[in-house]
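> Below are the sequence and a predicted model for it; my questions follow.
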Amino acid sequence: MAETNGEPPAAPSSKKAAGKKKTTRKRKTAATGKKTAAKTGTKKSAAKKTASKNSTGPSNTPRASARRPVFIVDGSRTPFLKARGKPGPFAAADLALGAARPLLARQPFEPDALDQVILGCVMPGPDEANIARIVALRLGCGDRVPAWTVQRNCASGMQALDSAWHDIADGRSELVLAGGVEAMSHAPVLLSQAMVAWLGQWYGARGAWARLRALARLRPHHLKPVIGLLRGLTDPVVGLSMGQTAEKIAHRFGITREAMDSFAMRSHQRLAEALDNGRLDEIETLYDTRGHYYEADDGLRRDTDMARLARLKPVFDKPFGQVTAGNSAQVTDGAAMLVLASESAVQRYDLPVIGRIVDSQWAGVDPAQMGLGPVHASTPLLTRGQYALEDIDYWEINEAFAGQVLACLAAWEDGRYCRDEFGLRSPVGTLDQDRLNVDGGAVSLGHPVGASGARIVLHLLHVLAREQARRGIATLCIGGGQGGAMLVEREQG
């Protein structure tokens, strides 16, 4: 069955043999809800009209049509737990297990039926080298199931899905567990180079006098710790923190503080509504070793309003900046895992299908303006598929910063930007924010960097099912100056 840029192949039908015993494991399915409103006759945006006129460059290179379709059959995530000044209750491997164990427990196949496990993670702990392999072994996948870890900063979880998609599409795998994890509260606190050098002298000293001389060289500045998380969130090439890059693009596109705060408030309101109405059923409850349980994202601030947000001071560009803790993503711990399968695996195990991956795109941008990555990754998807913005039923743009998301929307509306960056004759168009991050995003629920790319794909599929919609794009900016985007479709029938 070939994947094309036109109509997607129908979901494979799987029939049980006569007398086959039905599995008693409960299978979670995405909630269904109201049907998507019929599209109006609004004017199509420039991405669709100009697709055939801009036939050069990587943006318009068609995907190979002979590759096999790849289906997402199920997925789970943990609650996203806010970092609160000390290591959280779960290490990264424990979080990944918390998402993967219930996910695999409800499948009709055993863990050792997987062809591989792929996990995105930016900062695994010192006892978690190749964390994917550790997780696979603890899941009971057995010695023969290979596992590997990927790292693409904020898009590590999406990279894991993309890698699984390619391996299945190319026939190297049939069934893959993929996703992402991060325990940001466990980010390392490091010793400075000066302290490491002193320790080398100390351990190399022989005898009491040599050690006394080494001790006399110890200075207070040697003891100053290096905060790994802060260093990791600062670009070493341009010397800017991620928040400072958000300030730059907000200034470039004239995003006001009021607009940022309004976006942040709406993120919390939408998350609250989603929680109250049971729209986050992909979350699996976590249990720690002290008898506590965690069943929901805990960064939600139900009492957030514009007045409270306005009182917060800028963090990254004092005192004149506009990016605050209130309109930025929260530092959190969490994991998201998905099962991807070929058509033959779907039929063999009679698996449900919640959607399929149609296309993906990675893009590079100026590291000092890394927040515009979603524009540069998503626009080629639109052009390749000859889609307008309004042809995409729902969007998930990771909310690294409220101003960053708003700058992306402004870039699509800016004719000069679209001409200079993409060679388009007019703006891409206006994205309807009623179809963007409809259940909140990272500003309200958090951004565990290794997991977010997988989370937004999983939740987008749940939204498509709930709204009886067909097509969605999940996209995010990536520290270091990149963007990633993934186009998924829900099988209708």
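Great, that's in hand.

> What score does residue 228 have for pLDDT?
Looking at residue 228, its pLDDT reads 82.

> So it is in contact with residue 187, correct?
Yes: when contacts are counted by C-beta atoms under 8 Å, residue 228 is listed as touching residue 187 (4.7 Å). Placement of C-beta: from N, CA and C, glycine included.

> In the protein, where's the longest helix?
The longest helix of the chain (DSSP state H) is helix 257-276.

> and the next helix or strand after it, what does it pack onto?
Using DSSP states H and E, the helix or strand that follows helix 257-276 in sequence is strand 286-287. Judged by 3 or more C-beta pairs under 8 Å, 6 or more residues apart in numbering; DSSP states H and E, strand 286-287 is in contact with strand 293-294.

> quick one: the helices in the stretch 201-350 of the chain?
Applying DSSP state H, counting those that start in this stretch to the stretch 201-350 of the chain gives helices spanning 208-216, 228-232, 242-252, 257-276, 306-310, 343-349.

> least reliable of those helices going by mean pLDDT?
helix 228-232 - the lowest mean pLDDT of those, at a mean of 84.

> Other residues contacting that helix?
Residues from elsewhere that reach helix 228-232, judged by C-beta atoms under 8 Å, 6 or more residues apart in numbering: 122, 123, 184, 187, 188, 189, 190, 241, 331.

> Tell me which of the residues you listed fall in strands.
Counting by DSSP state E, the contacts of helix 228-232 place 189, 190 in strands.

> So how do I select the buried members of the contacts of helix 228-232 in ChimeraX?
Per 16 or more other C-beta atoms under 10 Å, the buried members of the contacts of helix 228-232 correspond to this ChimeraX selection:
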select :122,123,184,187,241,331
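
> Which one of the contacts of helix 228-232 is nearest to residue 423?
Nearest to residue 423, judged by C-beta to C-beta, of those is residue 241 at 32.0 Å.

> Wait, the closest one touches residue 233, no?
Yes: between residue 241 and residue 233 there is a contact under C-beta under 8 Å: 5.8 Å.

> which residues in the protein form strands?
Under the criterion DSSP E, strands of the chain are mapped to 70-77, 81-82, 116-120, 147-150, 175-183, 189-190, 226-227, 286-287, 293-294, 332-341, 355-364, 394-397, 471-478, 482-489.

> Could you check the fourth one and say which residues are buried?
In other words, strand 147-150. Buried residues in strand 147-150, counting neighbours by 16+ other C-beta under 10 Å, are found at 147, 149, 150.

> cool, and stretch 83-93?
Under the neighbour-count criterion of 16+ other C-beta under 10 Å, stretch 83-93 has 83, 88, 89, 90, 91, 92, 93 buried.

> residue contacts, the residue nearest to the second one when sequence neighbours are not counted?
When you say that, I think you mean residue 88. Closest residue to residue 88 apart from its sequence neighbours, by C-beta to C-beta, 6 or more residues apart in numbering: residue 185 at 3.9 Å. With contacts defined as C-beta under 8 Å, 6+ apart, the neighbours of residue 185 are 81, 83, 84, 86, 87, 88, 331, 333.
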